[in-house]
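Trainee: generate coordinates for the sequence data below:
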Amino acid sequence: MNNLGLKTSALVLAVFVWASISGQEKTFSEKTLKVPVEIFNVSANMEVVSLRPEEVTVSLKGASKFVAAATTGINPIKIDLKNINESSKLNYFAEDYLEIPTGVQLISIHPKMIEVYVEEFATREVPVKIRFRGRLKLPLILKEARVIPDRVTVMGYKSQINNIDVVLTEEVDLSEIGASLTRRIALKQTKDILKFRDHRDVELQLEIVDRSAKK
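Mentor: The predicted structure follows:
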């Protein structure tokens, strides 16, 4: 029972220190969340063909109140393509573009790399070719066939558009035609042609002659 007051004070101090440390431990937490990836400042002649991943998984640690705030307030990862003007396959470290909120620590991020594939648009003027099917019924013959305009401008990705040398019309079934005609006919759009710049169709003119007709 010697020094009872000193021993009591030491016990109270020990309990206070333990409570403080225990309380501090409880105020820290970890959280795993998904952060979206956003692309901006894409040039008018460019298009993002592929973005992988579209979100990354991050694990954060810190004071509970800061971690809770980060769960709802963390900013998306933003990739600026302002100076990208030609087809490219680009790689970015996700951590370099992640804005870590105050009071939290980044434990891990997956995946670490963001891959962006952009394609440049291009245009190309090519001739139009009529696509026929079947034959005219005898004694009819096809004297002349033409389209107006006979050339059109197509738009697509630069890596693909340069391989296009001609644009076909939709099929014209000659077996169903019995006389000369003029009509609109659609152009056939392939996977390499993203858009026709001025015309999606052309004027088809067929001159049909009946060989049995008297002069």
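
Trainee: who does the strand ranked longest in the chain touch, helix- and strand-wise?
Mentor: Secondary structure of the chain read by DSSP state E shows that its longest strand is strand 113-133. Using 3 or more Cβ pairs under 8 Å, 6 or more residues apart in numbering; DSSP states H and E as the contact test, the elements touching strand 113-133 are strand 46-52, strand 77-80, strand 88-93, strand 140-148, strand 151-157, helix 158-161, strand 167-173. Where you see a C-beta, it was placed from the backbone N, CA and C, and this is true even at glycine.

Trainee: just checking, next helix/strand downstream of the last one?
Mentor: Using DSSP states H and E, the helix or strand that follows strand 167-173 in sequence is strand 181-186.

Trainee: list the neighbouring strands of that next one plus their orientation.
Mentor: Next to strand 181-186 in the sheet, as set by DSSP bridges, lie strand 201-210 (antiparallel).

Trainee: list the contacts of the nearest residue to R52 once chain neighbours are set aside.
Mentor: If the residues on either side of it in the chain are set aside, R52 comes closest to E115, at 4.8 Å by Cβ to Cβ, 6 or more residues apart in numbering. Neighbour list for E115: S50, L51, R52, K89, L90, N91 [criterion: Cβ atoms under 8 Å, 6 or more residues apart in numbering].

Trainee: please repeat the previous calculation with a cut-off of 10 Å.
Mentor: Contacts were defined as Cβ atoms under 10 Å, 6 or more residues apart in numbering; by that measure E115 touches S50, L51, R52, P53, K89, L90, N91, Y92.

Trainee: from those, which would you call buried?
Mentor: L51, P53, Y92 (16 or more other Cβ atoms under 10 Å).

Trainee: just put these in a markdown table and tack on distance to E176.
Mentor: Shown next, in a markdown table, are those (distance: Cβ to Cβ, whole Å):
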| residue | distance to E176 |
| --- | --- |
| L51 | 48 |
| P53 | 53 |
| Y92 | 57 |
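
Trainee: list the buried residues of stretch 35-48.
Mentor: Applying 16+ other Cβ under 10 Å to stretch 35-48 flags V35, V37, I39, V42, M46 as buried.

Trainee: any idea how far that stretch is from the middle of the chain?
Mentor: 8 Å (Cα atoms, centre = their mean, to the nearest Å).

Trainee: let's see that stretch as CSV, backbone CA atoms only.
Mentor: Extracted C-alpha coordinates of stretch 35-48, given in CSV (Å, rounded to 0.1, in the frame of the first residue of the first chain):
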residue,chain,number,x,y,z
VAL,A,35,-12.4,5.1,-60.3
PRO,A,36,-13.6,5.8,-63.9
VAL,A,37,-11.3,6.9,-66.7
GLU,A,38,-12.3,9.8,-68.8
ILE,A,39,-10.8,11.1,-72.1
PHE,A,40,-11.1,14.8,-73.1
ASN,A,41,-9.8,17.3,-75.7
VAL,A,42,-10.2,14.8,-78.6
SER,A,43,-9.4,16.5,-81.9
ALA,A,44,-12.2,16.8,-84.4
ASN,A,45,-10.4,14.5,-86.9
MET,A,46,-9.7,11.9,-84.3
GLU,A,47,-11.8,9.2,-82.5
VAL,A,48,-11.1,7.0,-79.5
